[in-house]
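S.K.: Generate coordinates for the sequence data below:
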Amino acid sequence: MIQSFRARSTIIFFILTTLYILIGINLYYIQIKHHDFYKKLAEQQYHVTITQIPSRGAIFDRTGKNYLAMNKDYISAFILPTQLTNIVQTKEFLKKHFPAALQRFKENKNKHFMFIKRRLSSQEQEIITTQKTADIFLLTEPGRYYPLTSASPIIGLTNIDNKGLLGIELFYNHLLAGKPTTCYLEKDARSGYYYFKKETTIQGDCGQPLHLTIDADLQFLVTQALENTVEKFNAAQAAVIIMNPKNGEIISMVSYPYFDPNNPHHATPDLFKNKIITDAHELGSVMKVCAALAALEEGVVTPQELIDCKNTLTTQVEGRTINTVQEHGVIPFTDVIALSNNIGIAIVAKRLGPTLYDHYKRLGFGTKTGIEFSGESSGFVNPPDKWSKQSIISLSYGYEVSATILQLACAFCTIATGYTVKPTLILGLHPQTPKIKLYSDESRAIIKEILEKTTLYGTARRARMKGYRVMSKTGTANMLIDGKYDPEKNLYSCAGIIEKDDYQRVIVTFVKQANKKNIYASTVAVPLFESVAERMLIHDTIIS
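M.R.: Below you'll find the predicted structure:
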């Protein structure tokens, strides 16, 4: 009996000892060997990290009263594929109203979450709410709304996740988006209620608003004038820029055609570009002003020097053919520019030689302006070491040099003030860069008189404004198509300075491929200049 009891006790002892050993081994694996795994598993049950996204900073015009980009809540629809209560009904609904979502659902049946569509239209919202499908849910997401669609090439837009995608929204995304706040929370793993603690591990920042130099009201008025011109001439593209030459602020910048940033899905990639900044062109005779300024500054010509323009439309200069639009005989140099004679400016430019290239570079051509915008083109000026015998002649009246509309406007700002100018779209964010004087007052005064004469009786007569001094120059250029200049496809431009007392503005108008015959910048770009200037002066008079 006793022996039987001892035997049973021994067996029980060994069984318990074995169990304790197994438990010890198991605890070793849990607490030591697989410590990190189980620690992470436990943290997943009661540790939660939440990221709070701040509101995106608004974008205002220069007055601070008009929104150019503002926040707006959008409604999105989603399903939980692994938790559907009526899969047949849900699939039928998707097939009828959101076929693309049905295809994604078939490919992602094991996902815990799937968007049906983000940023629903009002009609789509109504369909979902009236159908009352149990497995389809709605949520609110932050997005952007753009009140002034003509500013879309400047402002750009955000993507579906409200991150900057184009334009100012992209360039200043780091300021507009702010920084998210990350919080660490502990909760009861069983009940799911937070009650332990909340700790901010990363302190975020609110999105910073931006104030642009653009005047929204003037932008609207300029857009009206631009669209009237496009419609009248059935033009492929057009653009207008207005700058304050004293500080480089861009007050209006309209590039047509533009896209609707509130509905960008059907826009082609080309529409997303701000062509005033990104596209460079050979602009033609408007560049004669820059060649004339260089000649006067270098002292190779005087204003009243008589230049023999050969009284012909076509002539040879050192074996190179030069064509001009109107015949002129012996005329003063001032009239060579005012009447836009190619032969006369080519004769003077040959006196400059390679120095003309230096002056084009001095005026900013062939170099990026440094504006706060992605995709800026530097343009091109053919350097002297690559010149042919024709190059100096071509350069004198705007060929073999390509420039953006912005660069042309900046060059006229320098003519207006004599100093370098750094264009800007942002108010009060960057310090003013030191100005460097580039041209003498004497040379600029002569050029401004020439430009005024051009406006009074030259190619830009329609640009005159009563009570204001208007100094402008036109340019008509053939487009280079497949290596040849096509006389049927042209670019038309008019650049000018408007002054009265301390008031000073630079305007450049540009029209590409107007679909009418026998037209010039004087009949396309100048009337647009006149319309823009009138609207601008009325607007500025009212707000002053």
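
S.K.: In the stretch 351-500 of the chain, mark out all the helices, start to finish.
M.R.: 355-362, 391-396, 405-417, 441-457 (DSSP state H, counting those that start in this stretch).

S.K.: among these, which is nearest D205?
M.R.: helix 405-417 (31.9 Å; CB to CB). Every residue, glycine included, has its C-beta placed from N, CA and C.

S.K.: okay, the angle between that closest one and helix 441-457?
M.R.: Using axes from the mean of the first three to the mean of the last three CA atoms, to 10 degrees, one finds that helix 405-417 and helix 441-457 are set 110 degrees apart in direction.

S.K.: same for helix 405-417, what does it pack against?
M.R.: strand 237-244, helix 275-278, helix 288-298, helix 441-457, strand 484-500, strand 503-512 (3 or more CB pairs under 8 Å, 6 or more residues apart in numbering; DSSP states H and E).

S.K.: Can you pull out the residues in contact with the second one?
M.R.: The reference is to helix 275-278. 153, 237, 239, 241, 253, 255, 371, 373, 375-377, 404-406, 510 (CB atoms under 8 Å, 6 or more residues apart in numbering).

S.K.: Let me know the closest of these to R469.
M.R.: Looking across those and measuring by CB to CB, the closest to R469 is I241, at 19.9 Å.

S.K.: So what sits opposite the closest one in the bridge?
M.R.: Following DSSP bridges, I241 is listed with bridge partners M253, V508.

S.K.: these two touch, right, it and A495?
M.R.: No - using CB atoms under 8 Å as the test, I241 is too far from A495 to be in contact (9.4 Å).

S.K.: Overlap in contacts, these two.
M.R.: 409, 507-508.

S.K.: Of the residues you listed, which is the nearest to L491?
M.R.: V508 (12.2 Å).

S.K.: In contact with that closest one, which residues?
M.R.: 239-241, 405, 408-409, 412, 493-496.

S.K.: Also P81?
M.R.: The contact partners of P81, by CB under 8 Å, 6+ apart, come to 105, 108-114.

S.K.: could you redo the shared contacts of I241 and A495 as JSON lines and give each row distance to E124 and pLDDT?
M.R.: Below are those laid out as JSON lines (distance: CB to CB, whole Å; pLDDT from 0 to 100):
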{"residue": "A409", "distance to E124": "44", "pLDDT": "98"}
{"residue": "I507", "distance to E124": "44", "pLDDT": "98"}
{"residue": "V508", "distance to E124": "43", "pLDDT": "98"}
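
S.K.: Let me know the closest of these to K288.
M.R.: For the shared contacts of I241 and A495, the residue nearest K288 by CB to CB is V508; the value is 15.1 Å.

S.K.: That closest one and P434: what is the separation?
M.R.: 25 Å (CB to CB, to the nearest Å).

S.K.: about what we covered before: filter the contacts of helix 275-278 to the buried ones?
M.R.: Burial by neighbour count, 16 or more other CB atoms under 10 Å: within the contacts of helix 275-278 this picks out 153, 237, 239, 241, 253, 255, 371, 373, 376-377, 404-406, 510.

S.K.: What is the most widely separated pair among the residues you listed?
M.R.: Among the buried ones among the contacts of helix 275-278, Q237 and I371 lie farthest apart (CB to CB), at 19.8 Å.

S.K.: pLDDT weak spots in the chain?
M.R.: 1-3, 5, 27-30, 33-53, 181-204, 544 (pLDDT under 70).

S.K.: now the buried ones among the contacts of helix 275-278 as JSON lines including distance to D486?
M.R.: Shown next, in JSON lines, are the buried ones among the contacts of helix 275-278 (distance: CB to CB, whole Å):
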{"residue": "P153", "distance to D486": "26"}
{"residue": "Q237", "distance to D486": "16"}
{"residue": "A239", "distance to D486": "20"}
{"residue": "I241", "distance to D486": "26"}
{"residue": "M253", "distance to D486": "28"}
{"residue": "S255", "distance to D486": "23"}
{"residue": "I371", "distance to D486": "31"}
{"residue": "F373", "distance to D486": "30"}
{"residue": "E376", "distance to D486": "27"}
{"residue": "S377", "distance to D486": "22"}
{"residue": "T404", "distance to D486": "21"}
{"residue": "I405", "distance to D486": "21"}
{"residue": "L406", "distance to D486": "25"}
{"residue": "F510", "distance to D486": "18"}
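
S.K.: and Y492, how many neighbours?
M.R.: 30 (other CB atoms under 10 Å).

S.K.: if I read this right, it contacts F510, doesn't it?
M.R.: Yes - with contacts counted by CB under 8 Å, Y492 reaches F510, the gap being 7.2 Å.
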